[in-house]
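coords please:
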Amino acid sequence: MVRFLRPLLRGTTYTRLLHLWVPMLIESVWLFIDMSRPWVPALVLVPIGLVPAVRTGEGVQARLLLTPGEEEPGISVTPSAGWRDRMRTVLWLELRMALGWVASFATVWLPALTYELARCGWGGAPSGLPLVDRLPPNRALALLAPLPLLALYGAVLALGVLVTACARRLLGPSAAERLAALEERTEQLLERTRIARELHDSIGHALTVAVVQAGAARAAGDPAFTDRALGAIEETGRAALADLERVLGVLRESERPASARPTLADAGRLLESARASGAKIDAEVTGPVAALPGPVSREGYRILQEALTNVLRHAGSVPVRVRVSVTDGTLALEVRNPLPAAIPGPGRGSGLRGIRERAALLGGSARTGPDEGDWQVRAELPLG
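Sure thing, here's the model as predicted:
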């Protein structure tokens, strides 16, 4: 029995009921104006749902009242990004109005039915309420009085669960939002892996040196050797602290949202860094690069970054030709440099594999390998 009544002690039960009642406030005001056409508010909701900002307001309200306290409610609070989101918002508003009608009817009529059954059970005359208006006074009717309250209890819980499921379905993240979240999560995982590796290499090396030097100094018992060992420990410790500070700086930066990550609009900084490292960059950028979609621009930046890193790592200070163009709904990116002495195979190298994986993630393609005496990295990413 206690388990059956436990939902009555949850605040979510009442906040969901409140969420169902809110549309009826507008309906009630309209009924004071014109009771002959109760469908007008539902008709007005169609153009309202097409406004992008309405989706944000509905998402915020649904999070507060339907899923209070949940960290991942599955409900978006961003404006509509396209017609698909707009139509989903319109459908949500109409569905919410319909469920609000059902909830209002149940919370008004069922308690009234309980009252009428109890009154007729104690000899009172029916007041005209449907289902009991023709019943004669009978004490047995008092035994039926709790049934409408049980029906009300079940209706409130069922409607709350139903409206929450519909909110997650119709106000949930769009495909573009899910892609951005997946991209951010993937980059965070990759960044954590790289940070763990750097910390292991840097701090582990420093601690190993410190332990070995301290043990050797204790065993030697030579003041001069001890001074040299302490100097080596100090130098290694300073280098490890510098590495630690650098890695922690990267960790703090990785907490930014994906939309704040570098894009191809920041390619100039990337090219200047490569030039400062000795590469002779001949770059040409054509087309509206600044207007590229976020995921395409961010992945294009990473592909260019990896291509230039491979040049510096394997070829050194050589002439590099960089071409970035946006034409016919496609971003084309090409990096060419003279072939190094040791040519990597077409299937080897995690960096080259990462370039191909990034391109494939967006439905594009990438080619890496020798081409007419040069090493070429060419990627084509669709903008749609």
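
Quick one: mean pLDDT for stretch 242-257?
The pLDDT scores in stretch 242-257 average 62.

what does stretch 162-169 give?
92.

what does it rub up against?
Here stretch 162-169 makes contact (C-beta atoms under 8 Å, 6 or more residues apart in numbering) with 16, 19-20, 62, 66-67, 73-75, 92, 95-96, 99. In this view, the C-beta of every residue, glycine as well, is placed from N, C-alpha and C.

got any ranges where the stretch 151-300 of the chain has weak pLDDT?
190-191, 193-202, 204-206, 208-209, 212-213, 243, 246-247, 249-261, 276-278 (pLDDT under 70).

now the helices for it?
175-220, 223-253, 267-276, 294-314 (DSSP state H, counting those that start in this stretch).

List the buried residues of the following helix or strand past the last one.
I take that to be helix 294-314. Next along the chain after helix 294-314, taking DSSP states H and E as the criterion, comes strand 319-327. Neighbour-count burial for strand 319-327, counted by 16 or more other C-beta atoms under 10 Å, picks out 320, 322, 324, 326.

tally of neighbours for the closest residue to the last one other than its chain neighbours?
Right, the one you point to is residue 326. In space, and not counting its chain neighbours, residue 326 is closest to residue 287: 2.9 Å by C-beta to C-beta, 6 or more residues apart in numbering. Here the count is done by other C-beta atoms under 10 Å, and residue 287 has 15 residues near it.

Likewise for the one 4 residues further on?
Using other C-beta under 10 Å, residue 291 has 10 neighbouring residues.

what do you get for residue 59?
Other residues near residue 59 come to 22 when the count uses other C-beta under 10 Å.

Spell out the secondary structure type for it.
helix (DSSP: H, G, I helix; E, B strand; the rest coil).

Per-residue pLDDT of the nearest residue to it once chain neighbours are set aside, please?
The shortest distance from residue 59 to any non-neighbouring residue, by C-beta to C-beta, 6+ apart, is to residue 77 (4.0 Å). The model reports residue 77 with a pLDDT of 87.

And what about residue 77, helix, strand or coil?
Under three-state DSSP, residue 77 comes out as coil.

mind pulling up the phi and psi values for it?
phi -120, psi 20 (degrees, to the nearest 10).

circling back to that earlier point, doesn't residue 325 make contact with the residue nearest to residue 326?
Yes - with contact defined as C-beta atoms under 8 Å, residue 287 and residue 325 form a contacting pair (5.3 Å).

which of the helices of the stretch 151-300 of the chain is buried the deepest?
helix 294-314 (a mean of 21; mean count of other C-beta atoms under 10 Å).

my guess is residue 88 contacts residue 170, does it?
Yes - with contacts counted by C-beta under 8 Å, residue 88 reaches residue 170, the gap being 4.8 Å.

if we can go back for a sec, now the helices of the stretch 151-300 of the chain in JSON lines, please, with extra columns for distance to residue 368.
JSON lines is the format used below for the helices of the stretch 151-300 of the chain (distance: least, C-beta to C-beta, whole Å):
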{"stretch": "helix 175-220", "distance to residue 368": "19"}
{"stretch": "helix 223-253", "distance to residue 368": "26"}
{"stretch": "helix 267-276", "distance to residue 368": "18"}
{"stretch": "helix 294-314", "distance to residue 368": "8"}
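
Can you check which of those gets nearest to residue 12?
Residue 12 lies closest to helix 175-220 among these, at 24.9 Å (C-beta to C-beta).

State the phi and psi torsions of residue 35.
Torsion angles, degrees, to the nearest 10, at residue 35: phi -80, psi -10.

Next one: it from residue 380, what distance?
Noted for residue 35: a distance of 62 Å to residue 380, by C-beta to C-beta, to the nearest Å.

nearest residue to residue 299 other than its sequence neighbours?
residue 358 (4.8 Å).

Next, the angle helix 294-314 makes with the strand or helix carrying the one you found.
Applying DSSP H and E as the criterion places residue 358 in helix 350-361. Here helix 350-361 points in a direction 160 degrees away from that of helix 294-314 (axes from the mean of the first three to the mean of the last three C-alpha atoms, to 10 degrees).

For helix 350-361, list the C-alpha coordinates in CSV.
Taking Å, rounded to 0.1, in the frame of the first residue of the first chain, the C-alpha atoms of helix 350-361 are listed here in CSV:
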residue,chain,number,x,y,z
SER,A,350,47.1,7.1,-36.7
GLY,A,351,47.1,10.7,-37.9
LEU,A,352,46.3,9.8,-41.4
ARG,A,353,43.6,7.3,-40.2
GLY,A,354,42.2,10.1,-38.1
ILE,A,355,41.9,12.4,-41.1
ARG,A,356,40.0,9.8,-43.1
GLU,A,357,37.7,9.1,-40.1
ARG,A,358,36.9,12.8,-39.6
ALA,A,359,36.0,13.1,-43.3
ALA,A,360,33.9,9.9,-43.2
LEU,A,361,32.0,11.2,-40.1
